[in-house]
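Chemist: what's the 3D shape of this:
(4 chains, ligands or ions: 4)
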Protein chains: 2
Amino acid sequence: MTADALMASLERAGHRVTTPRRVVAQLVADREGHFTAGDLVDDARRRHTGIGRATAFRTLELFTELGLVERVDLPSGSHAYVACEPVHHHHAICTSCGRALDVAEAGLGPALDGIARRLDFQITSHRLEVFGVCAACRRGATR
Amino acid sequence: MTADALMASLERAGHRVTTPRRVVAQLVADREGHFTAGDLVDDARRRHTGIGRATAFRTLELFTELGLVERVDLPSGSHAYVACEPVHHHHAICTSCGRALDVAEAGLGPALDGIARRLDFQITSHRLEVFGVCAACRRGATR
DNA sequence: ATGTTATTGATACTGTGTCTCATATGAACG
DNA sequence: CGTTCATATGAGACACAGTATCAATAACAT
Ligand SMILES: [Zn+2]
Ligand SMILES: [Zn+2]
Ligand SMILES: [Zn+2]
Ligand SMILES: [Zn+2]
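Modeler: Numbers count the residues shown, from 1 in each chain, chains lettered A, B, ... in the order given. Ligands and ions are numbered 1, 2, ... in the order given. Purely as a prediction, here's the structure:
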(Lines give C-alpha, C1' and ligand atoms only; values in the text may rest on other atoms or scores of the structure.)
(Ligands and ions follow the chains in the order given, each with its own letter.)
Protein backbone atom coordinates (compact mmCIF):
# COMPACT_ATOMS: atom_id res chain seq x y z
CA MET A 1 0.00 0.00 0.00
CA THR A 2 1.61 3.24 -1.20
CA ALA A 3 1.16 6.67 0.32
CA ASP A 4 -0.35 7.96 -2.92
CA ALA A 5 -2.90 5.18 -2.94
CA LEU A 6 -3.90 6.07 0.60
CA MET A 7 -4.33 9.72 -0.29
CA ALA A 8 -6.27 8.88 -3.43
CA SER A 9 -8.77 6.77 -1.47
CA LEU A 10 -9.04 9.53 1.05
CA GLU A 11 -9.79 12.14 -1.60
CA ARG A 12 -12.27 9.83 -3.31
CA ALA A 13 -14.12 9.64 -0.01
CA GLY A 14 -14.45 13.41 0.07
CA HIS A 15 -11.82 14.29 2.61
CA ARG A 16 -9.32 17.07 2.25
CA VAL A 17 -5.88 16.30 0.98
CA THR A 18 -3.56 17.99 3.43
CA THR A 19 0.13 17.95 4.08
CA PRO A 20 -0.11 16.38 7.54
CA ARG A 21 -2.23 13.58 6.15
CA ARG A 22 0.22 13.01 3.35
CA VAL A 23 2.99 12.71 5.91
CA VAL A 24 1.06 10.19 7.99
CA ALA A 25 0.23 8.23 4.85
CA GLN A 26 3.93 8.05 4.05
CA LEU A 27 4.75 6.89 7.57
CA VAL A 28 2.14 4.16 7.30
CA ALA A 29 3.40 3.11 3.88
CA ASP A 30 6.96 2.94 5.16
CA ARG A 31 6.02 0.59 7.96
CA GLU A 32 6.60 -3.13 7.62
CA GLY A 33 4.28 -5.24 9.69
CA HIS A 34 2.11 -3.94 12.47
CA PHE A 35 2.57 -0.74 14.39
CA THR A 36 0.78 1.12 17.14
CA ALA A 37 -0.43 4.69 17.08
CA GLY A 38 2.43 5.49 19.42
CA ASP A 39 4.94 4.00 16.99
CA LEU A 40 3.67 6.34 14.32
CA VAL A 41 3.88 9.35 16.59
CA ASP A 42 7.47 8.41 17.38
CA ASP A 43 8.26 8.02 13.67
CA ALA A 44 6.81 11.47 13.08
CA ARG A 45 8.93 13.07 15.77
CA ARG A 46 12.08 11.21 14.75
CA ARG A 47 11.73 12.48 11.21
CA HIS A 48 11.08 15.99 12.43
CA THR A 49 7.78 16.28 10.65
CA GLY A 50 5.76 18.77 12.63
CA ILE A 51 2.85 16.37 12.99
CA GLY A 52 0.96 16.72 16.25
CA ARG A 53 -0.04 13.74 18.33
CA ALA A 54 -3.74 14.37 17.84
CA THR A 55 -3.36 14.49 14.09
CA ALA A 56 -1.55 11.16 14.00
CA PHE A 57 -4.35 9.53 15.97
CA ARG A 58 -7.04 11.25 13.94
CA THR A 59 -5.53 10.32 10.60
CA LEU A 60 -5.06 6.74 11.67
CA GLU A 61 -8.68 6.63 12.73
CA LEU A 62 -9.70 8.06 9.39
CA PHE A 63 -7.71 5.48 7.46
CA THR A 64 -9.27 2.79 9.60
CA GLU A 65 -12.78 4.02 8.88
CA LEU A 66 -12.02 3.92 5.17
CA GLY A 67 -10.74 0.37 5.55
CA LEU A 68 -7.27 1.29 4.31
CA VAL A 69 -5.75 0.25 7.58
CA GLU A 70 -7.05 -2.40 9.91
CA ARG A 71 -6.75 -2.71 13.63
CA VAL A 72 -5.51 -5.92 15.17
CA ASP A 73 -5.42 -6.70 18.86
CA LEU A 74 -2.11 -8.22 19.80
CA PRO A 75 -1.98 -10.89 22.51
CA SER A 76 -0.10 -8.34 24.61
CA GLY A 77 -3.26 -6.30 24.69
CA SER A 78 -1.98 -3.36 22.71
CA HIS A 79 -3.81 -2.09 19.70
CA ALA A 80 -1.85 -2.30 16.51
CA TYR A 81 -2.61 -1.46 12.91
CA VAL A 82 -1.65 -2.91 9.56
CA ALA A 83 -2.13 -1.41 6.13
CA CYS A 84 -4.28 -3.66 4.01
CA GLU A 85 -6.75 -4.03 1.22
CA PRO A 86 -10.30 -2.90 1.94
CA VAL A 87 -11.94 -6.30 1.62
CA HIS A 88 -12.88 -8.67 4.42
CA HIS A 89 -10.00 -10.87 5.44
CA HIS A 90 -7.96 -11.80 8.48
CA HIS A 91 -4.34 -11.70 9.54
CA ALA A 92 -1.62 -14.15 10.34
CA ILE A 93 0.78 -12.25 12.51
CA CYS A 94 4.37 -13.35 12.88
CA THR A 95 5.39 -13.07 16.51
CA SER A 96 9.00 -12.90 15.44
CA CYS A 97 9.14 -10.19 12.80
CA GLY A 98 5.73 -8.61 13.33
CA ARG A 99 4.73 -8.81 9.70
CA ALA A 100 1.07 -9.49 9.03
CA LEU A 101 0.09 -11.81 6.20
CA ASP A 102 -3.35 -11.45 4.72
CA VAL A 103 -5.60 -14.44 5.18
CA ALA A 104 -8.54 -14.85 2.87
CA GLU A 105 -11.85 -15.86 4.40
CA ALA A 106 -10.78 -19.39 3.60
CA GLY A 107 -13.17 -22.06 4.74
CA LEU A 108 -14.38 -20.14 7.76
CA GLY A 109 -17.88 -19.92 6.38
CA PRO A 110 -19.01 -23.44 7.26
CA ALA A 111 -17.55 -23.16 10.74
CA LEU A 112 -19.40 -19.88 11.31
CA ASP A 113 -22.63 -21.32 9.96
CA GLY A 114 -22.26 -24.21 12.36
CA ILE A 115 -21.77 -21.84 15.28
CA ALA A 116 -24.78 -19.75 14.31
CA ARG A 117 -26.98 -22.80 14.05
CA ARG A 118 -25.82 -24.60 17.19
CA LEU A 119 -26.02 -21.50 19.37
CA ASP A 120 -29.01 -19.96 17.67
CA PHE A 121 -26.89 -16.85 17.38
CA GLN A 122 -27.21 -14.27 14.62
CA ILE A 123 -23.66 -13.44 13.60
CA THR A 124 -23.09 -9.89 12.42
CA SER A 125 -19.30 -9.80 12.41
CA HIS A 126 -16.33 -11.88 13.32
CA ARG A 127 -12.64 -11.56 13.80
CA LEU A 128 -9.96 -14.18 13.46
CA GLU A 129 -6.37 -13.59 14.42
CA VAL A 130 -3.71 -16.19 13.90
CA PHE A 131 -0.33 -15.90 15.57
CA GLY A 132 2.79 -17.86 14.81
CA VAL A 133 6.04 -17.78 12.87
CA CYS A 134 6.31 -16.99 9.19
CA ALA A 135 8.37 -18.98 6.71
CA ALA A 136 11.12 -16.38 6.46
CA CYS A 137 11.58 -16.28 10.23
CA ARG A 138 11.61 -20.05 10.50
CA ARG A 139 14.62 -20.19 8.19
CA GLY A 140 16.78 -17.15 8.83
CA ALA A 141 17.15 -16.05 12.42
CA THR A 142 14.91 -13.46 14.02
CA ARG A 143 15.33 -11.16 11.08
CA MET B 1 -18.63 -20.22 37.55
CA THR B 2 -19.06 -19.73 41.29
CA ALA B 3 -16.84 -17.70 43.59
CA ASP B 4 -15.98 -20.83 45.56
CA ALA B 5 -14.87 -22.61 42.42
CA LEU B 6 -12.62 -19.70 41.55
CA MET B 7 -11.04 -19.73 45.00
CA ALA B 8 -10.61 -23.50 44.91
CA SER B 9 -8.72 -23.35 41.62
CA LEU B 10 -6.64 -20.56 43.00
CA GLU B 11 -5.72 -22.54 46.10
CA ARG B 12 -5.01 -25.63 44.05
CA ALA B 13 -2.49 -23.56 42.08
CA GLY B 14 -0.68 -22.68 45.28
CA HIS B 15 -1.87 -19.15 45.80
CA ARG B 16 -3.04 -17.75 49.08
CA VAL B 17 -6.70 -17.60 49.84
CA THR B 18 -7.27 -14.07 51.03
CA THR B 19 -10.29 -11.96 51.78
CA PRO B 20 -9.71 -9.45 48.98
CA ARG B 21 -9.40 -12.26 46.47
CA ARG B 22 -12.58 -13.83 47.74
CA VAL B 23 -14.34 -10.53 47.25
CA VAL B 24 -13.08 -10.15 43.70
CA ALA B 25 -14.08 -13.75 42.96
CA GLN B 26 -17.58 -12.93 44.14
CA LEU B 27 -17.73 -9.82 41.98
CA VAL B 28 -16.66 -11.83 38.96
CA ALA B 29 -19.17 -14.57 39.72
CA ASP B 30 -21.94 -12.01 40.06
CA ARG B 31 -21.26 -10.56 36.66
CA GLU B 32 -23.36 -11.55 33.68
CA GLY B 33 -21.58 -11.24 30.38
CA HIS B 34 -18.37 -9.37 29.85
CA PHE B 35 -16.90 -6.69 32.04
CA THR B 36 -13.81 -4.54 32.10
CA ALA B 37 -11.33 -4.20 34.94
CA GLY B 38 -12.82 -0.78 35.53
CA ASP B 39 -16.31 -2.25 35.86
CA LEU B 40 -15.03 -4.51 38.59
CA VAL B 41 -13.34 -1.67 40.41
CA ASP B 42 -16.59 0.25 40.28
CA ASP B 43 -18.51 -2.75 41.61
CA ALA B 44 -16.02 -2.99 44.44
CA ARG B 45 -16.41 0.62 45.40
CA ARG B 46 -20.18 0.59 45.06
CA ARG B 47 -20.41 -2.35 47.44
CA HIS B 48 -18.09 -0.65 49.88
CA THR B 49 -15.63 -3.50 49.91
CA GLY B 50 -12.28 -1.98 50.78
CA ILE B 51 -10.64 -3.47 47.70
CA GLY B 52 -7.92 -1.32 46.22
CA ARG B 53 -7.63 -0.67 42.53
CA ALA B 54 -4.31 -2.47 42.24
CA THR B 55 -5.71 -5.57 43.91
CA ALA B 56 -8.64 -5.73 41.53
CA PHE B 57 -6.30 -5.57 38.55
CA ARG B 58 -3.88 -8.04 40.08
CA THR B 59 -6.54 -10.57 40.98
CA LEU B 60 -8.09 -10.33 37.56
CA GLU B 61 -4.68 -10.93 36.04
CA LEU B 62 -4.21 -13.93 38.31
CA PHE B 63 -7.54 -15.43 37.33
CA THR B 64 -6.63 -14.88 33.72
CA GLU B 65 -3.31 -16.67 34.11
CA LEU B 66 -5.11 -19.61 35.66
CA GLY B 67 -7.54 -19.65 32.76
CA LEU B 68 -10.54 -19.04 34.98
CA VAL B 69 -11.31 -15.82 33.23
CA GLU B 70 -10.55 -14.98 29.65
CA ARG B 71 -9.85 -11.70 28.00
CA VAL B 72 -11.77 -10.68 24.93
CA ASP B 73 -11.11 -7.63 22.82
CA LEU B 74 -14.31 -5.83 22.05
CA PRO B 75 -14.74 -4.09 18.70
CA SER B 76 -14.73 -0.84 20.65
CA GLY B 77 -11.15 -1.56 21.52
CA SER B 78 -11.64 -1.99 25.22
CA HIS B 79 -10.41 -5.04 27.03
CA ALA B 80 -13.13 -7.08 28.62
CA TYR B 81 -13.17 -10.31 30.55
CA VAL B 82 -15.56 -13.21 30.83
CA ALA B 83 -15.52 -16.02 33.36
CA CYS B 84 -15.23 -19.36 31.66
CA GLU B 85 -13.99 -22.90 31.64
CA PRO B 86 -10.24 -23.41 31.36
CA VAL B 87 -10.23 -25.22 28.04
CA HIS B 88 -9.55 -23.75 24.64
CA HIS B 89 -12.63 -22.27 23.07
CA HIS B 90 -13.92 -19.03 21.63
CA HIS B 91 -16.71 -16.61 22.33
CA ALA B 92 -19.83 -15.43 20.63
CA ILE B 93 -20.52 -12.05 22.13
CA CYS B 94 -23.98 -10.56 22.04
CA THR B 95 -23.73 -6.90 21.16
CA SER B 96 -27.10 -6.32 22.74
CA CYS B 97 -26.86 -7.89 26.18
CA GLY B 98 -23.11 -8.38 26.39
CA ARG B 99 -23.34 -12.04 27.34
CA ALA B 100 -20.63 -14.29 25.96
CA LEU B 101 -21.55 -17.77 24.76
CA ASP B 102 -18.84 -20.37 24.66
CA VAL B 103 -17.97 -21.63 21.21
CA ALA B 104 -16.24 -24.97 20.88
CA GLU B 105 -13.29 -25.20 18.54
CA ALA B 106 -15.67 -26.86 16.12
CA GLY B 107 -14.64 -27.01 12.50
CA LEU B 108 -11.94 -24.41 12.82
CA GLY B 109 -9.19 -27.00 12.56
CA PRO B 110 -9.40 -27.60 8.82
CA ALA B 111 -9.57 -23.88 8.12
CA LEU B 112 -6.47 -23.28 10.23
CA ASP B 113 -4.63 -26.16 8.59
CA GLY B 114 -5.45 -24.66 5.23
CA ILE B 115 -4.10 -21.29 6.26
CA ALA B 116 -0.90 -22.80 7.62
CA ARG B 117 -0.31 -24.74 4.44
CA ARG B 118 -1.15 -21.98 1.96
CA LEU B 119 0.91 -19.34 3.76
CA ASP B 120 3.67 -21.65 4.95
CA PHE B 121 3.01 -20.22 8.36
CA GLN B 122 3.55 -22.11 11.61
CA ILE B 123 0.52 -21.34 13.75
CA THR B 124 1.13 -21.24 17.48
CA SER B 125 -2.11 -19.69 18.64
CA HIS B 126 -5.28 -18.20 17.29
CA ARG B 127 -8.23 -16.23 18.43
CA LEU B 128 -11.72 -16.08 17.03
CA GLU B 129 -14.31 -13.65 18.19
CA VAL B 130 -17.83 -13.69 16.88
CA PHE B 131 -20.18 -10.78 17.42
CA GLY B 132 -23.91 -10.70 16.90
CA VAL B 133 -27.24 -11.05 18.63
CA CYS B 134 -28.19 -13.96 20.84
CA ALA B 135 -31.50 -15.82 20.65
CA ALA B 136 -32.86 -14.24 23.81
CA CYS B 137 -32.17 -10.73 22.57
CA ARG B 138 -33.68 -11.44 19.17
CA ARG B 139 -36.98 -12.31 20.80
CA GLY B 140 -37.41 -10.13 23.84
CA ALA B 141 -36.31 -6.51 23.57
CA THR B 142 -32.85 -5.33 24.57
CA ARG B 143 -33.09 -7.23 27.82
C1' DA C 1 -8.72 36.56 -4.52
C1' DT C 2 -12.25 35.55 -1.02
C1' DG C 3 -15.26 33.11 2.13
C1' DT C 4 -16.57 29.01 4.12
C1' DT C 5 -15.49 25.02 6.35
C1' DA C 6 -12.54 21.26 7.50
C1' DT C 7 -8.31 20.52 9.62
C1' DT C 8 -4.47 21.27 12.68
C1' DG C 9 -1.58 21.34 16.90
C1' DA C 10 -0.95 22.81 21.70
C1' DT C 11 -2.78 21.74 25.71
C1' DA C 12 -5.57 19.89 29.11
C1' DC C 13 -7.87 16.09 30.46
C1' DT C 14 -9.82 11.18 31.19
C1' DG C 15 -8.94 6.87 31.52
C1' DT C 16 -6.12 2.32 31.95
C1' DG C 17 -2.78 -0.27 33.67
C1' DT C 18 1.75 -0.61 36.26
C1' DC C 19 5.15 0.19 40.09
C1' DT C 20 6.80 1.09 44.69
C1' DC C 21 6.87 0.46 49.25
C1' DA C 22 5.39 0.48 53.99
C1' DT C 23 2.00 -2.30 56.30
C1' DA C 24 -0.92 -6.25 57.02
C1' DT C 25 -1.97 -11.13 56.93
C1' DG C 26 -2.17 -16.17 55.40
C1' DA C 27 -0.27 -20.47 56.34
C1' DA C 28 3.16 -23.44 58.04
C1' DC C 29 5.44 -24.77 62.10
C1' DG C 30 6.45 -25.47 66.87
C1' DC D 1 -2.33 -21.08 70.22
C1' DG D 2 1.87 -17.69 69.26
C1' DT D 3 5.94 -17.10 66.04
C1' DT D 4 7.80 -16.52 61.64
C1' DC D 5 8.27 -15.14 56.95
C1' DA D 6 7.04 -15.11 52.35
C1' DT D 7 2.95 -13.21 50.10
C1' DA D 8 -0.44 -10.09 49.43
C1' DT D 9 -2.49 -5.52 50.13
C1' DG D 10 -3.61 -0.59 49.35
C1' DA D 11 -2.30 4.24 48.82
C1' DG D 12 -0.38 6.88 45.87
C1' DA D 13 2.77 7.99 42.23
C1' DC D 14 3.64 7.01 37.71
C1' DA D 15 3.65 5.92 32.53
C1' DC D 16 0.97 5.70 28.72
C1' DA D 17 -3.13 5.63 25.46
C1' DG D 18 -6.65 8.10 23.74
C1' DT D 19 -9.99 12.12 23.60
C1' DA D 20 -11.77 16.90 23.98
C1' DT D 21 -11.22 21.95 23.42
C1' DC D 22 -10.29 25.75 20.87
C1' DA D 23 -7.87 29.45 18.57
C1' DA D 24 -5.17 29.60 14.45
C1' DT D 25 -4.54 27.76 9.78
C1' DA D 26 -5.05 25.88 5.30
C1' DA D 27 -8.16 23.51 1.42
C1' DC D 28 -11.00 24.24 -1.95
C1' DA D 29 -15.18 25.87 -4.29
C1' DT D 30 -16.63 30.00 -6.20
ZN1 LIG E 1 8.16 -13.20 10.22
ZN1 LIG F 1 -13.57 -13.54 7.99
ZN1 LIG G 1 -15.58 -18.91 27.62
ZN1 LIG H 1 -27.98 -11.26 24.07
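
Chemist: Break chain A down into its structural domains.
Modeler: When chain A is parsed with automatic domain parsing, its domains come out as A:1-86, A:87-143.

Chemist: and the last one, how far out from the chain's middle?
Modeler: For domain A:87-143, the separation from the chain centroid amounts to 13 Å (computed by C-alpha atoms, centre = their mean, to the nearest Å).

Chemist: does it come close to ligand 1?
Modeler: Yes. Contact of domain A:87-143 with ligand 1 (C-beta under 5 Å from the ion) involves A:94, A:96-97, A:99, A:134, A:137. Where you see a C-beta, it was placed from the backbone N, CA and C, and this is true even at glycine.

Chemist: which ones among those are found in strands?
Modeler: Members of the residues of domain A:87-143 next to ligand 1 lying in strands (criterion: DSSP state E): A:Cys94.

Chemist: Which one of the residues of domain A:87-143 next to ligand 1 is nearest to ligand 3?
Modeler: Using C-beta to the ion, A:Cys94 comes nearest to ligand 3 of these, at 26.9 Å.

Chemist: What is the neighbour count of the residue lying closest to that closest one once chain neighbours are set aside?
Modeler: In this structure, A:Cys94 finds its nearest non-sequential neighbour in A:Cys134, 4.0 Å apart by C-beta to C-beta, 6 or more residues apart in numbering or on different chains. A:Cys134 has 22 neighbours, counted by other C-beta atoms under 10 Å in any protein chain shown.

Chemist: what do you get for A:Leu101?
Modeler: 21.

Chemist: likewise A:Gly52?
Modeler: For A:Gly52, the neighbour count with other C-beta under 10 Å is 12.

Chemist: Please report the distance of it from B:Val103.
Modeler: Per C-beta to C-beta, to the nearest Å, A:Gly52 is found 42 Å from B:Val103.

Chemist: re earlier: can you put the domains of chain A in JSON lines and add distance to B:His79 and mean pLDDT?
Modeler: Formatted as JSON lines, the domains of chain A follow (distance: least, C-beta to C-beta, whole Å; pLDDT from 0 to 100):
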{"stretch": "domain A:1-86", "distance to B:His79": "6", "mean pLDDT": "96"}
{"stretch": "domain A:87-143", "distance to B:His79": "14", "mean pLDDT": "90"}
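
Chemist: can I get these in JSON lines with distance to B:Arg127?
Modeler: Below are these laid out as JSON lines (distance: least, C-beta to C-beta, whole Å):
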{"stretch": "domain A:1-86", "distance to B:Arg127": "8"}
{"stretch": "domain A:87-143", "distance to B:Arg127": "5"}
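
Chemist: Now for A:Ala111: which residues touch it?
Modeler: Contacts for A:Ala111 (C-beta atoms under 8 Å, 6 or more residues apart in numbering or on different chains) come out as B:106-108, B:111.

Chemist: Check whether the residue nearest the centre of chain A sits in a helix, strand or coil.
Modeler: Chain A has A:Val82 as the residue nearest its centroid, 2.1 Å off, counting by C-alpha atoms, centre = their mean. Assigned by DSSP: H, G, I helix; E, B strand; the rest coil, the conformation of A:Val82 is strand.

Chemist: what are the bridge partners for it, then?
Modeler: Under DSSP bridges, the beta-bridge partners of A:Val82 are A:Glu70.

Chemist: can you tell me how far it sits from A:Val72?
Modeler: Distance from A:Val82 to A:Val72, counting by C-beta to C-beta: 6 Å.

Chemist: same thing with A:Asp30?
Modeler: For A:Asp30, the distance to A:Val72 (C-beta to C-beta) stands at 19 Å.

Chemist: Among the residues of domain A:87-143 next to ligand 1, name the ones in helices.
Modeler: Among the residues of domain A:87-143 next to ligand 1, the ones falling in helices (DSSP state H) are A:Cys137.

Chemist: need the residues of domain A:87-143 next to ligand 1 in a markdown table with distance to DNA strand C, can you?
Modeler: Below are those laid out as a markdown table (distance: C-beta to the nearest atom of the strand, whole Å):
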| residue | distance to DNA strand C |
| --- | --- |
| A:Cys94 | 23 |
| A:Ser96 | 23 |
| A:Cys97 | 24 |
| A:Arg99 | 25 |
| A:Cys134 | 27 |
| A:Cys137 | 26 |
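
Chemist: Right, I'll leave it there.
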